[in-house]
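Visitor: Okay, predicted coordinates and the sequence, questions at the end:
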Amino acid sequence: MAENNNLISGATGDWEIVLGLEVHAQVASNAKLFSGASTEFGAEPNAQVSLVDAAMPGMLPVINWFCVEQAVRTGLGIKAQINNYSVFDRKNYFYPDLPQGYQISQFQQPIVGEGAIEIDLADGVVKEIGIERLHLEQDAGKSLHDQHPNMSFVDLNRSGVALMEIVSNPDMRSAAEAQAYVKKLRAILRYLGTCDGNMEQGSMRADVNVSVRKPGDALGTRCEIKNVNSIRFIGQAIEYEARRQVDLIEDGGVVEQQTRLFDPKTGETRAMRSKEEAHDYRYFPDPDLLPLEFSQEFVDEIAKDLPELPDDKKARFIADYGLTPYDAGVLVGEAENAAFFEAAAEGQDAKAVANMVIGSVFAGLNKADLDIGDSPVSPAQVGQLVGLIADDTVSGRSAKEVFELMFEDGPDQGKDPAVIIEEKGLKQVTDTGAIEAAVDEVIAANPDKVAQAKERPKMAGWFVGQVMQATGGKANPQAVNQLVLSKLGLD
Amino acid sequence: MTDLTQMNLAEARDGLAAKEFSAVELTQAHIDRVSASASLNAYVLETPEKALEMAALSDAKIAAGEARPLEGLPIGVKDLFCTKGVRTTACSNILGDFIPPYESTVTQNLWADGAVMLGKLNNDEFAMGSSNETSRFGPVVNPWKAHGQELVPGGSSGGSSAAVAARLGIAATATDTGGSIRQPAAFTGTVGLKPTYGRCSRWGIVAFASSLDQAGPITHTVRDAAMMLTSMASFDPRDTTSVERDVPNYEAALIGKGGGDIKGLRVGIPQEYRVDNMPAEIEKLWQQGIDWLRDAGAEIVDVSLPHTKYALPAYYIIAPAEASSNLARYDGVRYGARKQGADIDDMYAQTRAAGFGDEVKRRVMIGTYALSAGYYDAYYVKALQVRRLIAEDFTKAYEKCDVLLTPTTPSAAFEIGKNVEDPLEMYLNDVFTVTVNLAGLPGISVPAGLDANGLPLGLQLIGQAFGEETLLRTASVLEEAAGFDAQPQDWWSA
């Protein structure tokens, strides 16, 4: 196994963090797992609750096969064992947002077994994280404690929504690895279309199991941090919790296995009340549901139209477009980004396109807080602009200006780059006569600098800069460079 | 006019068709009788206005020549079936005055076939009981009496059996989890049919034990049971345990007036059902039944169901385990009765302590225990293994025979209060019936004779899965041979 470079240091030496994640991913489905009620986000409280979701007397769950398909699809996407026979169990506990008094989940026989995900680490290292299982289960409703001075309200809109719980092996060794894992998993789910991966809306959240040990020792006692709902918080929660455990042990304490909550305001984790976790869930097969069985053909049909996944796409970008692994990795992180790049790169220098997408486009979107789908500059326009730089129509410097005009709010937003170049007179000056005049002018005006340049030829760069400025950046930099050198007698 | 409450379902149907009386007249006669029979406590809710409205519609249908299979026939509905707009409580305080905004599939099927609802029938709370003494509305009194003593009508469908026996409805719906249709039928001289698991939809029926619950009818005759089942049964996409299988016209399976020919039919007699201390009368009746079927041309075969003695213990693990989970939804949060508490846990505790009766609490506790960490394998998993062995016993027996004949119960109806303090004695009532639920098979109790006290006794026929047609045909032969025509004396009418 590779050396772990992510040790954290304590008073008694270095410690290793051991992390395993249980990610709850909401199945992208219009209807709930066992009822026909809608799953749309943001509806009025209790507007999307069927008789089944409210656990009215005599109501029975009926499996939503679309959700089953999505789980199988996801299982195939994480290269996992698909179980053609699985069982729904009841997990029994009382809570006001759990109308049935039990959650229908899968305990001993999940729909998906072991699989694996590869994550890209900063230093270009690829690490495989094992997946233990994926199972289907119902989400609970939501308790609202801030609506009334001494009562709690319950919103059952989420009650019964289908979740995939994806359990990793304890294979991660740092917050960065855990974050990379969640990002990669989210990318895979989005590529597959089985979960929108929207952590702010709660469609994806993680329970993080954290333990620490001296390298080479047996696993330490773990704490589970429940329901962490952003990649940044996952990092913060792990850093805090690992440090807490190290300090505790080094102070002579013992880590107790417990469930903890992360508070984003303080950046700390705290133990849940013991009452909140002291459950004997009394799992048993749900007698209202038959075992979930499907044929190999059912699986094969789904496998047939599986999309190209991030790893394959990355490999293709490197092989076909000559991108660096880093650029390829950045572009395939989101399926939409990759598609944008591919559309822009058509017929153009792919590496230059990648640079512009990762640089200008992403920066602009970030600044404007826009999704790539809402980019004011189309992929074709990015491709055109790269083409106009390549054929010397516009200088790289002017191209930046062109891009900004295309991107930002204003009269030129969304125009084709060629139009803007024409209208703004940004066309690169390749007329040697005009450039020569400018060079002569700068040389004539700066005799002291000319003398310095004769001593130190690097000073030529100063002249090039002056000429570019004088021509408003429209001069072809290579032509300027050549003329400056020859006029100064440095070539 | 003759007393319109003295007919069976088929006779009433034929009378309506012949326009000898109207559906409204037929219904009114039953409404009157129901309201005069409050002392039996069979009904927990009477719906006379709804009944007359439905009957009037039936008369219109009959007049238009559009009569449906059960057109205008007034029946009672066990309070376990959710009825849209009509209070449904499972006879438990915890449901308060719950009024379902939906109709169970089985009752919907009956109304779609023209049946008329007289009201909701008493039962043991959440169908947990064998004597109908655990209802929040108090015990049902059996119309049959011995030595002047008030007797139980059996349970949990005691309201259904008492109502049919006392002619407070021409038929009734019921449910059977461990014998809750067949035992009350045996105690009241009526026919009780528990169909194959999956034959009737469980959608909209308050659940007791999901893997065992099955709806069925209590009626006067086997033919009536066939008529009722034809309407009640359906494949229901809303219940994944219901089976997608055509519903035959079960009445058509009864060939000829007597119901059919069973020449060459192999009737199995399971030796393990000769339990210790079986009353001589029951033993004698069983032998009588064997003789009747043999005389009718059946071949009698001795068979063995070796795991029978484990059935009752397994049942009293599995049913409470499922019930403990099924009843978790009654928490006072969304519907039904609520007792305020200091906090949410206290509210649960107060609500459930006040809302559930002793027997329900007992079973919730047994079930919770059986599913607990550390006990699950020893109890629940073991019980499921027993269940599988019992099912295999039947499969093997059916290699040698087509139906089985047993007594329905180890005794006739007993006095109210007799077994209330002794749950184990009470549970023994189910000894001949629970195996059928564990194996998911159809079973029927047919009234076959009277004991020394003049109380009815039943014989049970057990069929193969979805073998209701053979079962009904055999039952009708047994019924004809027994010629049971005793009636309880009307001591209760006000």
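Guide: Thanks, I have the structure now.

Visitor: Surely A:L121 touches A:A180?
Guide: Yes. Here A:L121 reaches A:A180: they are 6.4 Å apart, a contact under Cβ atoms under 8 Å. Backbone N, C-alpha and C define where each C-beta goes, glycine included.

Visitor: Would you mind telling me which of the two has the busier surroundings?
Guide: A:A180 (21 against 15; other Cβ atoms under 10 Å in any protein chain shown).

Visitor: of all of chain A, which residue lies closest to chain B?
Guide: Relative to chain B, the nearest point of chain A is A:G101 (2.3 Å; Cβ to the nearest Cβ).

Visitor: quick one: contacts for B:E322?
Guide: A:287, B:207-212, B:367 (Cβ atoms under 8 Å, 6 or more residues apart in numbering or on different chains).

Visitor: In a helix, it, correct?
Guide: Yes. Counting by DSSP: H, G, I helix; E, B strand; the rest coil, B:E322 is located in a helix.

Visitor: For it, which non-adjacent residue is spatially closest?
Guide: Nearest in space to B:E322, with sequence neighbours left out and distances taken as Cβ to Cβ, 6 or more residues apart in numbering or on different chains, is B:A209 at 4.1 Å.

Visitor: returning to what we had before: who's in contact with the closest residue to the residue of chain A closest to chain B other than its chain neighbours?
Guide: Residue nearest to A:G101 in three dimensions, not counting chain neighbours: B:A328, with 2.3 Å by Cβ to Cβ, 6+ apart. Residues near B:A328 by Cβ under 8 Å, 6+ apart: A:92, A:94, A:100-102.

Visitor: what's the residue of the stretch 201-350 of chain B with the smallest separation from chain A sitting at in phi/psi?
Guide: As assessed by Cβ to the nearest Cβ, chain A sits closest to B:A328 within the stretch 201-350 of chain B, at 2.3 Å. In terms of degrees, to the nearest 10, the main-chain angles of B:A328 are phi -70, psi -20.

Visitor: From A:A31, how far off is it?
Guide: Distance, B:A328 to A:A31, by Cβ to Cβ, to the nearest Å: 24 Å.

Visitor: Once you drop chain neighbours, what's closest to B:Q489?
Guide: B:K145 (7.6 Å).

Visitor: mind listing the helices for the stretch 101-250 of chain A?
Guide: Secondary structure of the stretch 101-250 of chain A (DSSP state H, counting those that start in this stretch): helices at A:175-192, A:231-250.

Visitor: Just name the most buried of those.
Guide: Compared across those, helix A:175-192 shows the largest average neighbour count, a mean of 22 (mean count of other Cβ atoms under 10 Å in any protein chain shown).

Visitor: How far does that helix sit from its chain's centre?
Guide: In terms of Cα atoms, centre = their mean, to the nearest Å, the centre of helix A:175-192 is set 6 Å apart from its chain centre.

Visitor: One more: stretch A:296-310?
Guide: Between the centre of stretch A:296-310 and the centre of its chain there are 23 Å (Cα atoms, centre = their mean).

Visitor: ok, and what's touching it?
Guide: Contacts of stretch A:296-310 (Cβ under 8 Å, 6+ apart): A:69, A:72-73, A:76-77, A:82, A:84, A:184, A:187-188, A:191-193, A:316, A:332-333, A:335.

Visitor: repeat that with 7 Å
Guide: A:69, A:72-73, A:76-77, A:82, A:84, A:187-188, A:191-192, A:332 (Cβ atoms under 7 Å, 6 or more residues apart in numbering or on different chains).

Visitor: Could you dump those residues into TSV and include distance to chain B and pLDDT?
Guide: Shown next, in TSV, are the contacts of stretch A:296-310 (distance: Cβ to the nearest Cβ, whole Å; pLDDT from 0 to 100):
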residue	distance to chain B	pLDDT
A:E69	17	98
A:V72	19	98
A:R73	22	98
A:L76	25	98
A:G77	28	97
A:I82	21	98
A:N84	18	98
A:A187	35	95
A:I188	31	96
A:Y191	32	96
A:L192	27	96
A:V332	40	94
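
Visitor: what separates A:F34 from B:A370, distance-wise?
Guide: Relative to B:A370, and taking Cβ to Cβ, A:F34 is found at 25 Å.

Visitor: So for those two, which sits in the more crowded spot?
Guide: More neighbours surround A:F34 than the other of A:F34 and B:A370, with 27 against 23 (other Cβ under 10 Å).

Visitor: Could you look up the SS state of the more buried one?
Guide: When classified by three-state DSSP, A:F34 comes out as coil.

Visitor: Please report phi then psi for it.
Guide: phi -130, psi 10.

Visitor: With B:L312 instead?
Guide: Torsion angles, degrees, to the nearest 10, at B:L312: phi -60, psi -50.

Visitor: Pretty sure it sits against B:Y427.
Guide: Yes. The pair formed by B:L312 and B:Y427 meets the contact definition of Cβ atoms under 7 Å, at 6.5 Å.

Visitor: Do you know the pLDDT at A:T393?
Guide: A:T393 carries a pLDDT value of 88.

Visitor: what residues are up against it?
Guide: A:421, A:427-428.

Visitor: repeat that for 10 Å
Guide: The contact partners of A:T393, taken as Cβ atoms under 10 Å, 6 or more residues apart in numbering or on different chains, are A:384-385, A:387, A:399, A:417-418, A:421-422, A:426-428, A:430.

Visitor: Is it possible to mark the buried ones in the residues you listed?
Guide: A:384-385, A:387, A:399, A:417-418, A:421, A:426-428 (16 or more other Cβ atoms under 10 Å in any protein chain shown).

Visitor: so what strands line up beside the helix or strand containing B:L405?
Guide: Per DSSP states H and E: B:L405 is located in strand B:403-407. Strand B:403-407 has its sheet partners listed here by DSSP bridges as strand B:266-270 (parallel), strand B:456-462 (antiparallel).

Visitor: just the angle between the very next helix or strand once past the shortest one and strand B:266-270, please?
Guide: Moving toward the C-terminus from strand B:266-270, the next helix or strand (DSSP H and E) is helix B:280-295. In terms of direction (axes from the mean of the first three to the mean of the last three Cα atoms, to 10 degrees), helix B:280-295 departs from strand B:266-270 by 160 degrees.

Visitor: Show me what helix B:280-295 is packed against.
Guide: Packing partners of helix B:280-295 (3 or more Cβ pairs under 10 Å, 6 or more residues apart in numbering or on different chains; DSSP states H and E): strand B:266-270, strand B:299-303, strand B:403-407, strand B:443-450, strand B:456-462, helix B:468-482.

Visitor: before we move on, back to that, the strands paired with strand B:403-407: which one's closest to A:M468?
Guide: Among those, the nearest to A:M468 by Cβ to Cβ is strand B:456-462 (99.2 Å).

Visitor: Can you give the distance of the closest one from its chain's centre?
Guide: Distance of strand B:456-462 from the chain centroid (Cα atoms, centre = their mean) equals 13 Å.

Visitor: could you give me the average pLDDT of that strand?
Guide: 98.

Visitor: Now do the same for A:A25: its pLDDT.
Guide: Here, the pLDDT recorded for A:A25 equals 98.

Visitor: before we move on, what about B:N142?
Guide: 98.

Visitor: cool, B:S35 as well?
Guide: Looking at B:S35, its pLDDT stands at 96.
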